[in-house]
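*Asks:* below is the sequence, then the predicted model.
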Amino acid sequence: MAEWENNVRKAVPYIPGEQPKEKDIIKLNTNENPYPPSPAVKEALENFDCKEMRLYPDPEASELVNAIAGEYKVKPEEVFVGVGSDDVLSLAFMTFFNSDRPILFPDITYSFYDVWAEIHKIPYETVPLNSDFTLDPEVYTLENGGIVIANPNAPTGIYETVETIEKIVSANPGSVVIIDEAYIDFGGESCLPLTKKYDNLLVVQTFSKSRSMAGIRIGFAIGNAQLIKYMNDVKFSINSYTMNRTAIAAGTAAAKDSEYYKGTCEKIIRTRERAKNALTRMGFEFPDSKSNFLFVKHKTVEAKTIFEELKKRKIYVRYWDKPAIKDYLRITVGTSMEMQKLFDALTEILK
Ligand code: PMP
């Protein structure tokens, strides 16, 4: 190791799901939406004037912020936008988790949380989920410097009720509680209304899943105006221009067309419910998912074997070689046709 390397910030990065370069694959490994975004997005991009690119974008992304505020019936000062919810969450960690006490999150959850805690030098403790992967709100009364919970949780897909979330938020007036609702539009009830009642609650959502826009990178947070101000102060201390002009234009169009994404979410929910029946018949077990993915374990065949066999057939699902979840596969809900191809492949593999 060179001497200068002693002074390097060393990170163990998050490993995102594979983005294979081949074309003719069935991609059910990163919880993307199988449907295109709203036609209003296409129109906005077609009307986008490239001459505008020479100018910096609006550092406040006001058009997008206002559209989101309008859609969720909150004030623009209560909305923060970023480059995907990963950007919003990382910035929220940096802003709100600034205590010597450990932040808390479940032991099985989105595997970026510990990566952000490490990179931002935030002490953390993971809290065990119940054996059925549900969450016990009583455990979140331990002394802490903040809490982050994904609801529905990833990779389990389990949804906790607004009452459960409220128990945690109300028990922790001394900490900011971040609820990561990346998958809330697939059948859960958002805890957004609680932001009116609790000034320590930040709700984070994304355009990547229900709005089919993972490729353009838009995430947002809603919370009390003071929370949002603190986030903006940190953002403007790092990079004022996180949201580019095309993202602002496309995101604004999408935010104004909620009807569209609610329709595609309904299709995904119907496909998911049919998939639950088909997978059960094939001998899979899984917690009840309210997201756009299923976290499945086969009664007899190892997850890793199924994962590899599917890959040979150009069907990509997600597998983690981690002790707590190595028996499971996470399967994103695709179109009915993609799911049928998955079931056909599984039938062959399980024979
Ligand atoms: N939270 C959870 C629980 C996720 O699974 C993801 C997707 N990997 C994200 C946040 C981040 O999504 P994005 O940055 O695309 O908004």
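*Replies:* Done, it's in. Quick caveat: nothing in here was measured; it's all calculated off a predicted structure. Numbering: from 1, shown residues only.

*Asks:* would you map out the domains in this structure?
*Replies:* Domain assignment of the chain by automatic domain parsing yields the ranges 20-36+259-350, 39-256.

*Asks:* let me see the mean pLDDT of the first one.
*Replies:* Domain 20-36+259-350 shows a mean pLDDT of 97 in the predicted model.

*Asks:* now the end-to-end length of that domain.
*Replies:* End-to-end distance of domain 20-36+259-350 (CA to CA, to the nearest Å): 25 Å.

*Asks:* same check, this time on stretch 7-17
*Replies:* End-to-end for stretch 7-17, by CA to CA: 30 Å.

*Asks:* what residues sit buried inside that stretch?
*Replies:* Gly17 (16 or more other CB atoms under 10 Å). Heads up, the C-betas are built off the backbone N, CA and C, glycines and all.

*Asks:* quick check: mean pLDDT across that stretch?
*Replies:* Per-residue scores along stretch 7-17 average to 93.

*Asks:* who touches it?
*Replies:* Asn29, Thr30, Ser111, Phe112, Val115, Glu118, Ile119, Tyr316, Arg318 (CB atoms under 8 Å, 6 or more residues apart in numbering).

*Asks:* do stretch 92-102 as well
*Replies:* 103, 116-117, 120, 122-125, 143-146, 148, 175-176, 178, 202, 204, 221, 227, 230-231, 233-234.

*Asks:* how about whichever residue of the stretch 51-200 of the chain sits closest to the ligand: what's its closest non-neighbour residue?
*Replies:* Nearest to the ligand in the stretch 51-200 of the chain, going by CB to the nearest ligand atom, is Gly84, at a distance of 2.9 Å. Distance criterion CB to CB, 6 or more residues apart in numbering; nearest residue to Gly84, sequence neighbours excluded, is Arg217 at 4.2 Å.

*Asks:* repeat for Lys229
*Replies:* Glu77 (7.5 Å).

*Asks:* state the number of residues packed around that neighbour.
*Replies:* When neighbours are counted by other CB atoms under 10 Å, Glu77 registers 14.

*Asks:* the one 5 residues further on too?
*Replies:* For Gly82, the tally of surrounding residues (other CB under 10 Å) stands at 24.

*Asks:* which residues does it bridge with?
*Replies:* Gly219 (DSSP bridges).

*Asks:* residues touching it, list them.
*Replies:* Per CB under 8 Å, 6+ apart, neighbours of Gly82: Val88, Leu91, Ile218, Gly219, Phe220, Ala221, Lys235, Thr242, Met243.

*Asks:* surely Ser62 touches Glu77?
*Replies:* No. The pair Ser62 / Glu77 is not scored as a contact, 11.1 Å apart, by CB atoms under 8 Å.

*Asks:* how about the secondary structure of Val41?
*Replies:* The three-state assignment at Val41 reads helix, by DSSP: H, G, I helix; E, B strand; the rest coil.

*Asks:* separation between the closest residue to Pro36 other than its chain neighbours and Met231?
*Replies:* Once flanking residues are discounted, Pro36 sits nearest to Ser212: 6.0 Å by CB to CB, 6+ apart. Ser212 sits 26 Å away from Met231, taking CB to CB, to the nearest Å as the criterion.

*Asks:* ok, Ala171 next?
*Replies:* 23 Å.

*Asks:* higher neighbour count, these two?
*Replies:* When Ala171 and Met231 are compared for neighbours, Met231 comes out ahead with 21 against 15, by other CB under 10 Å.

*Asks:* contact partners for the more buried one?
*Replies:* Going by CB under 8 Å, 6+ apart, the list of residues near Met231 reads Phe80, Leu91, Ala92, Thr95, Ala221.

*Asks:* pLDDT score assigned to it?
*Replies:* For Met231, the model assigns a pLDDT of 98.

*Asks:* circling back to that earlier point, turn the contacts of Met231 into CSV, including distance to Glu71.
*Replies:* Listed next are the contacts of Met231 as CSV, based on distance: CB to CB, whole Å:
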residue, distance to Glu71
Phe80, 15
Leu91, 22
Ala92, 20
Thr95, 24
Ala221, 14
